[in-house]
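Colleague: here's a sequence, model it:
(2 chains)
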2 protein chains.
Amino acid sequence: MGAYEQVQSHIAEVNDILNAVNLLTWDSRVCMPASGASARANQLATLTGEAHRRLLDEPFVELVRAAREELGAHMTDLQRRTLDAIDEAIAYHSAVPPALVTELALLKGRANQAWLSAREADDFESYAPVLEELVQLKRQLARLTGDGRPLYDALLHEYEPGMTSERLLSLFAEIKGPILDVISNAAAESEVRTDFLSRSFDIQAQKEFALEVATKFGYRLENGRADTAPHPFEISLTPADVRITTRYDRNNLPMSLFAMWHEAGHGMYEQGAATEHIRTAMSTDLIGLYAVAGTSYSMHEAQSRLWENFVSRSATFWDNHFPELQAKFPEQLHDVNAAEFYRAVNKVQASPIRIQADEVSYHLHIMLRAELEIALLEDELTVTDLPGAWREKTRDYLGLELDGDRLGVLQDIHWAAGLFGSFPTYTLGTLMAAQLFEAAVEQKPEIRSALEHVDYVPLFDWLSENIYQHARMYSSEELLLRTSGRPLEAAPFLRYLAAKHSS
Amino acid sequence: MGAYEQVQSHIAEVNDILNAVNLLTWDSRVCMPASGASARANQLATLTGEAHRRLLDEPFVELVRAAREELGAHMTDLQRRTLDAIDEAIAYHSAVPPALVTELALLKGRANQAWLSAREADDFESYAPVLEELVQLKRQLARLTGDGRPLYDALLHEYEPGMTSERLLSLFAEIKGPILDVISNAAAESEVRTDFLSRSFDIQAQKEFALEVATKFGYRLENGRADTAPHPFEISLTPADVRITTRYDRNNLPMSLFAMWHEAGHGMYEQGAATEHIRTAMSTDLIGLYAVAGTSYSMHEAQSRLWENFVSRSATFWDNHFPELQAKFPEQLHDVNAAEFYRAVNKVQASPIRIQADEVSYHLHIMLRAELEIALLEDELTVTDLPGAWREKTRDYLGLELDGDRLGVLQDIHWAAGLFGSFPTYTLGTLMAAQLFEAAVEQKPEIRSALEHVDYVPLFDWLSENIYQHARMYSSEELLLRTSGRPLEAAPFLRYLAAKHSS
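Modeller: Got it, this is the predicted structure:
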């Protein structure tokens, strides 16, 4: 076996281990009795540790060098991308002392507990010290692994390789004004009816409808499964087994539907990876130590939001599907028509909780968090000043006065979980979705007419060919350039916003 | 950290990895879409390979030696048993060349396919060549790992450490005559009614009744879960998460009930391991590379059969529980009484299929297989002669003429899965169950009266204290000596047989 082949076979096993980690994670959220948590934490730590060990294994590092020499000038793009990804991961993990990894894991555990109690008691102060420690540790990590980048950019890079805070803030600046305009126009408009969304909807019927649509989109249930979990997520165990979850509430119909279509969007991305990428570095995030075929968090989010928002929240979609939904729930929806339903699930209104926000004001929540993260990392804001800064921005951006921190700085688990730099991917993913959707329809105008005829195949095929199959072979930016001829930009999202929400 | 402590921490991670293997296995039988099988096989091979690698890791082997020296004369029994188990496993795995492990894994894959096709087509000849290869490989393995034991004894040792074919055959000889007597008496007796067992029983109601009883026995559902699987099994992910499965058939009520109680018996054993044994060699089969707290396959089977047969198939049990069952199924059981139900689920009658056999004739099926296995391993029988030998023994032992091999030599997957030497544990487990049950009732007579009053706590407590908590600290033989003062013997089972089946 040549050196490159040996590298591939080594990485195949790392991918196996990380897929086992994915199953342990899925099970812990879907099946595991609560009492299994402590043993599960050990199992996860051992397997993740083993993947880490194998990446830094000296003979393996040597093998990667040998593979580069062996291939020399004959290296294909795929081989180069593979070896680059591995080298970058080796450099990243080599830069972090094992003691720091352990310290961070323990600190996350403490922070998670402190956050839970603090949120329960609406007591940010009790959580502030451990959050401060976490910020300091993340700064240290960013300094060690950032390759000279500004600290926040080093963290951003883990979720969206190549993204900088400068570029991020400039994209934010472009979309902020138009978003604020939509919100104030919406407030001025006549009341949108939403009363019917919280009537009593049988959960089994919700599930059937949501899944029927998801499989029409192209999610293959025979290569996955759909379960219930308190926090919806998608997880992949190679393309032949990609599982999605959603949550149900009898009195909140849109919640389960849009969550299912969102997760199905993630799922189709994972199911669509080409066979040649299975068990390779092209379906493994070797820095995050996570088995995933999607090329970045933002591009993954682009796939879920494309189906959730650009397809499922469109007027065309509800013109087509509302009659089926009404047939499933004849009593609950007898006094509603497709247009009213469409308006209800698109109602724009500022609210304090991110995960309950509409598709427009949502991005203000992200800006608020990203700006605070940047300030924390760059030492321009202390953790003690965080609640005040949060309230101020909530007042500025959303026009809301917060009563306590539960609806404010304590609402999201992300920071307690050590996630700094991941919030922006939700907005970046939306911008990418807009850009991809525009490119798709422009290149293949039949996509639009097919959508009007409940035919999702042309859109699915375009995404499979241009995005899904490539797995991690191209970065987000490369995918955008290949498909739209342009780097990531805000214009397509702004056009979408204007077309949909200006009236 | 001292050497012994380091050994413990190394084994803790091996146990984590093998628990992850258990979850991958559970999921593949309960949740995984069929298309996930090929990726899952890779994941299982990688993790099992890693556990194997860590056991033979040179610095670890050195550490085990150092731990023995470090502890010297101050070694506790637990420490000695731990180091002995590790040393035996190192010797075992060191004796097997990696190429043989791979060859065996591939061969099992081929044999499994060949067996499936052969059974489908009732064509033993197509399966014979690969089975012959498998027998040769198992002989080679037995020669390498058997430490001078006869070949079959080397394989037996993996499932029941210390057991020999000589002792096995002598136990068989003791029980064979009495079993044949019970069968011929049963045939001479008047017909036992069983018509009502195949009426239509709602599956949800079957599950509720079976689980209610299982939790009364002492299986803790809050530290596990009960699912459906085509072949019932129990699997443990440390004592806090022990899962059982059963299968259901609307027209076969006893099948799901007894399978649930059988698996709950296995489950209670695993749930009962003392905390000090978690993540140690005392809850890891380091030879079989399997995370399990039970000390041997036979002792595990003793726990399941004790609850399934000695408790749940007793007249007392049905006197107590039949009214509840009848209340759950008033229409289906309106013309049946407790005594008739008891007789129906204890009806003795020779039949060709092992897994459908009653608790008495069952053991003839095991003898038949064990005798053929011994002959194959000792080269006294060729694979080609197997179907004929099987028919002959079926005629001799069960008085049945076989029409084809599907109901004969092709009925069980075990040999195709490379399992030679595991069948005897089903009978050995039953003998152990009889011996333990007798010892329990003798030492604590209140167990018997408690059972009469639907109080399973005294029996459960006795088993917890005498068996469950010890995990793999004592061998089966040691446990029998500690509890009954006697080595394994057939007499208690014969007394049970006489008391229950002689009338």
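Colleague: residues of chain A that sit close to chain B?
Modeller: Residues of chain A lying close to chain B by Cβ under 8 Å from any Cβ of the partner chain are A:12-13, A:16-17, A:19-20, A:23-24, A:27, A:31-36, A:38-40, A:42-43, A:45-47, A:49-50, A:222-225, A:237-238, A:240-241, A:278-279. Where C-beta positions appear, they are placed from N, C-alpha and C, glycine not excepted.
Colleague: mind redoing it with 7 Å?
Modeller: Chain A has residues A:13, A:16-17, A:19-20, A:23-24, A:27, A:31-33, A:35-36, A:39, A:42-43, A:46-47, A:50, A:222-225, A:237-238, A:240-241, A:279 near chain B, with proximity defined as Cβ under 7 Å from any Cβ of the partner chain.
Colleague: and the buried ones among those residues, selectable in ChimeraX?
Modeller: For the buried members of the residues of chain A next to chain B, the matching ChimeraX selection, counting by 16 or more other Cβ atoms under 10 Å in any protein chain shown, is:
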select /A:13,16,17,19,20,23,24,27,31,32,33,35,36,39,42,43,46,47,50,223,224,225,237,238,240,241,279
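Colleague: give me the subset of the residues of chain A next to chain B lying in strands.
Modeller: Among those, the residues falling in strands (DSSP state E) are A:224, A:225.
Colleague: wait, residue A:466 touches residue A:483, no?
Modeller: Yes - judged on Cβ atoms under 7 Å, residue A:466 makes contact with residue A:483 at a distance of 5.0 Å.
Colleague: compare these two (neighbour count), which wins?
Modeller: residue A:483 (21 against 18; other Cβ atoms under 10 Å in any protein chain shown).
Colleague: list the contacts of that one.
Modeller: A:436, A:439, A:466 (Cβ atoms under 7 Å, 6 or more residues apart in numbering or on different chains).
Colleague: tell me the domain ranges of chain A?
Modeller: A:1-94, A:195-351+A:429-501 (automatic domain parsing).
Colleague: so which of those domains comes closest to residue B:98?
Modeller: Closest to residue B:98 of the domains of chain A, according to Cβ to Cβ: domain A:1-94, at 14.6 Å.
Colleague: if we can go back for a sec, and the contacts of residue A:483, which is closest to residue A:372?
Modeller: residue A:436 (29.0 Å).
Colleague: isn't there a helix covering the closest one?
Modeller: Yes - checked against DSSP: H, G, I helix; E, B strand; the rest coil, residue A:436 lies within a helix.
Colleague: quick one: it from residue A:307, how far?
Modeller: Residue A:436 sits 11 Å away from residue A:307, going by Cβ to Cβ, to the nearest Å.
Colleague: neighbour count winner among these two?
Modeller: residue A:307 (32 against 24).
Colleague: tell me the contacts of that one?
Modeller: A:217, A:261, A:264, A:265.
Colleague: what do you get if the cut-off is 10 Å, keeping everything else the same?
Modeller: By Cβ atoms under 10 Å, 6 or more residues apart in numbering or on different chains, the residues touching residue A:307 are A:213-214, A:217-219, A:258, A:260-269, A:313, A:433, A:437, A:456, A:459-460, A:463.
Colleague: what do you get for residue A:230?
Modeller: Here residue A:230 is in contact with A:29, A:30, A:245, A:247 (Cβ under 10 Å, 6+ apart).
Colleague: 8 Å instead, please
Modeller: A:29, A:247 (Cβ atoms under 8 Å, 6 or more residues apart in numbering or on different chains).
Colleague: that one in helix, strand or coil?
Modeller: coil.
Colleague: for it, report the pLDDT, please.
Modeller: Here the pLDDT value assigned to residue A:230 is 91.
Colleague: same question for residue A:502.
Modeller: 83.
Colleague: burial check on it, number of neighbours?
Modeller: Quick note: residue A:502 (other Cβ under 10 Å) scores 10 neighbours.
Colleague: ok, it touching residue A:182?
Modeller: Yes - under the criterion of Cβ atoms under 8 Å, residue A:502 makes contact with residue A:182 at 7.4 Å.
Colleague: now intersect the contacts of residue A:307 with the helices, please.
Modeller: A:213-214, A:217, A:258, A:260-269, A:433, A:437, A:459-460, A:463 (DSSP state H).
Colleague: in this structure residue A:433 contacts residue A:306, no?
Modeller: Yes - counting by Cβ under 8 Å, residue A:433 does reach residue A:306; the two are 4.1 Å apart.
Colleague: still on that earlier bit, can you list residues touching both of residue A:466 and residue A:483?
Modeller: Joint contacts of residue A:466 and residue A:483 (Cβ under 8 Å, 6+ apart) are A:436, A:440.
Colleague: now the strands for the stretch 201-350 of chain A?
Modeller: A:224-228, A:234-236, A:242-246 (DSSP state E, counting those that start in this stretch).
Colleague: with distance to residue A:66 added, can I get those in TSV?
Modeller: Shown next, in TSV, are the strands of the stretch 201-350 of chain A (distance: least, Cβ to Cβ, whole Å):
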stretch	distance to residue A:66
strand A:224-228	38
strand A:234-236	31
strand A:242-246	35
